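In: Structural data only, the sequence is not supplied:
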């Protein structure tokens, strides 16, 4: 009896220690979330230095976005840029993670390389983007190099072609994030019981078989986590294409992401329209996360 | 027991520090009530007018003069030409016992205006020493500020029409609000001319004499023909299609916005067609102005024949102080070009609610009305100043510009300034000009048809100005 009373009393302390998180969460997450949804029903923007609204207009902002049709184009762009970055990234990270965690390979100076591949993530995305913009400019070093070794006759305008602009964005994100993914996957691989690998070796399994039959299936929970976080991050892709294309998303807005579109509305502080767009994004993110989560869970259930 | 006390203490400190932190945050957020701010601002404006009407004695009560601008240009002018200004460091100065604070925010991505807007909206609630006293605006968006109550009428500062008699009329038109009240002054005139690379002119046209070069660029048809000759010898006529944009856009016959609807003038469409032809022929590129690719023609190896621009471009922005540049060696020449135009120009505005009216009045009078000081600006900085008498006298004098290889360009500038027509400016010019050039780049680069690019432009404008319609 007495013991139980103690547990209850200690639980009370637990609640008290939770207060900071709850308060911070309420102020910095719930309040903005609710007010974003609230403002999305209003016409509310600045015309020069004059405030227009807020006037309640119901679902007009949502309708305008749906009928405008652009939102789906930008959603498509965003997902395409994410896939262009994610597929090479997951392949590269799996290979690197496998090499780093494989006891048979026993790579030398592994901690050094682990640090090096993580380095690009420490650079600010905007600085990285500026760097690429300068490197790939018409009179930039990459073009000079390509012309002088004879691959191109004249400088290639990377930022004036749809494919090259998208590839640059994807490559930048790849360089920035593959280190992070590698570390996560490596942690997952090292968590796999070493006895399984030894048993496989004794049974004469090849490295390929070990990778596909042992490592990959057991890595599933980490892969799901990596995919969901990467997807949510990918949907919010903004800084790299924004700086690279000077905010235009050109050529013909083919690299305009949803958040860049949202930012366009903030020029006139159009909180109504951008609020509605944010709500759509919330819904899309929720659905996508749910789908990915379910797919992976079903898989796990089947095997059990 | 002890444990309980310790944990209790821990929890209370944590919660207490949290609440304390939040309290601080709330109090800073509170004064953002925009409505109250605007109300107070108009009230303050009303007070100022009545005060000024009663007695035109304009005095300083404040000890800090806050100046908002986007680059070093005005600061350099004040440092060099305003008597009594002492520089303390990069962002601080002194005029008598008044402290001058420069708030310099670059123009990039509208950062300057965003910063200025935010501060102006809070102007009424700000402490006297934190209020903006003076800010600078450009022609493209001047009306946004001039048509608001945040800018003081020049007459309220005690500056009379007689003081301004020598200024060019166009510089006053740009900063006159809907009720005909003048609200800003400029020390410079910005008639644009064509700056050409003398070496290239000799090579292709056989002469670098301004009159001879003018024959090759007299109108757009000959201009485009010359572009082909340039290209045959490996030169670009102009660095980017955006160079010639303002020449076309300043000679429009209609405004960007008519009755709340976006309107594209015929002369703007002429720019699109001429530029597309030049790009397709390979005579120029589509770089953004101010990018590295655009400015490579400031140096001989860039192989760019000409840039369109006003006096400040050649003296302030074309790397003339860098060894080896065309300007450093006096390698530019100036001629009228196909059509007259203006580009930019900086206007000084006094912010409503300032407590340094005396100093502001004096700076305005000295820099924009005093013929001797303004002549000094021409001589030292190669600027074209806003003073008819002084400019006409200097055009006839033996003044010469080192950057322009000893040419006296003031006559050419003076011709340009008289033909300027600003009846078609609107508060939307900046957004429309920027977005139009960005959208058309897609057409020039071959990523869109002309109609698609125009549709993209209209889309961008409606995003930027939700109150407008495009169809």
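Out: Cool, got the structure. Since this is a predicted model, take the numbers as computed values, not measurements. Numbering: from 1, shown residues only, chains lettered A, B, ... in the order given.
In: Pick out the residue nearest the middle of the chain.
Out: No chain was given, so I picked chain A. When chain A is reduced to its mean C-alpha position, the nearest residue by Cα atoms, centre = their mean turns out to be residue A:233, at 2.3 Å.
In: Can you look at chain B instead?
Out: With distances taken as Cα atoms, centre = their mean, the residue of chain B nearest its centroid is residue B:138 (3.5 Å).
In: Show the contacting residues for that one.
Out: Counting by Cβ atoms under 8 Å, 6 or more residues apart in numbering or on different chains, residue B:138 touches B:344-347, B:430. Every C-beta, even on glycine, is put in place using the N, C-alpha and C of the backbone.
In: From those, list the buried ones, please.
Out: When burial is judged by neighbour count using 16 or more other Cβ atoms under 10 Å in any protein chain shown, the buried members of the contacts of residue B:138 are B:345-347, B:430.
In: count of neighbours near residue 269?
Out: No chain was given, so I picked chain A. Using other Cβ atoms under 10 Å in any protein chain shown, residue A:269 has 17 other residues around it.
In: hm, I was asking about chain B
Out: 13.
In: before we move on, what about residue A:103?
Out: As a burial measure, residue A:103 scores 9 neighbours (other Cβ under 10 Å).
In: That one touches residue A:192, doesn't it?
Out: No: no contact is recorded between residue A:103 and residue A:192 when judged using Cβ atoms under 8 Å, the distance being 11.4 Å.
In: The residue nearest to the centre of chain A: helix or strand, and which one exactly?
Out: Using DSSP states H and E, the secondary-structure element containing residue A:233 is helix A:220-235.
In: average model confidence for that helix?
Out: The average pLDDT within helix A:220-235 is 86.
In: Over to stretch A:283-299?
Out: For stretch A:283-299, mean pLDDT rounds to 76.
In: sorry, back to before: format the contacts of residue B:138 as TSV; extra columns: distance to chain A, secondary structure and pLDDT.
Out: Formatted as TSV, those follow (distance: Cβ to the nearest Cβ, whole Å; DSSP: H, G, I helix; E, B strand; the rest coil; pLDDT from 0 to 100):
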residue	distance to chain A	secondary structure	pLDDT
B:344	20	coil	79
B:345	20	coil	82
B:346	19	strand	88
B:347	16	strand	92
B:430	11	helix	86
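In: so how far is residue B:200 from the closest residue to residue B:282 other than its chain neighbours?
Out: Spatial nearest neighbour of residue B:282, chain neighbours left out: residue B:231 (6.1 Å); criterion: Cβ to Cβ, 6 or more residues apart in numbering or on different chains. In this view, residue B:231 and residue B:200 are 12 Å apart by Cβ to Cβ, to the nearest Å.
In: quick one: which of these two has more around it?
Out: For residue B:231 against residue B:200, the residue with the higher neighbour count under other Cβ under 10 Å is residue B:200, and the figures read 24 against 18.
In: Was I right to think that one contacts residue B:230?
Out: Yes: taking contacts as Cβ under 8 Å, residue B:200 lies within contact range of residue B:230: 7.3 Å.
In: what touches both of these two?
Out: Residues touching both residue B:200 and residue B:230 (Cβ under 8 Å, 6+ apart): residue B:305.
In: hang on, residue B:307 in a helix?
Out: No: secondary structure of residue B:307, determined by DSSP: H, G, I helix; E, B strand; the rest coil: strand, with no helix assignment.
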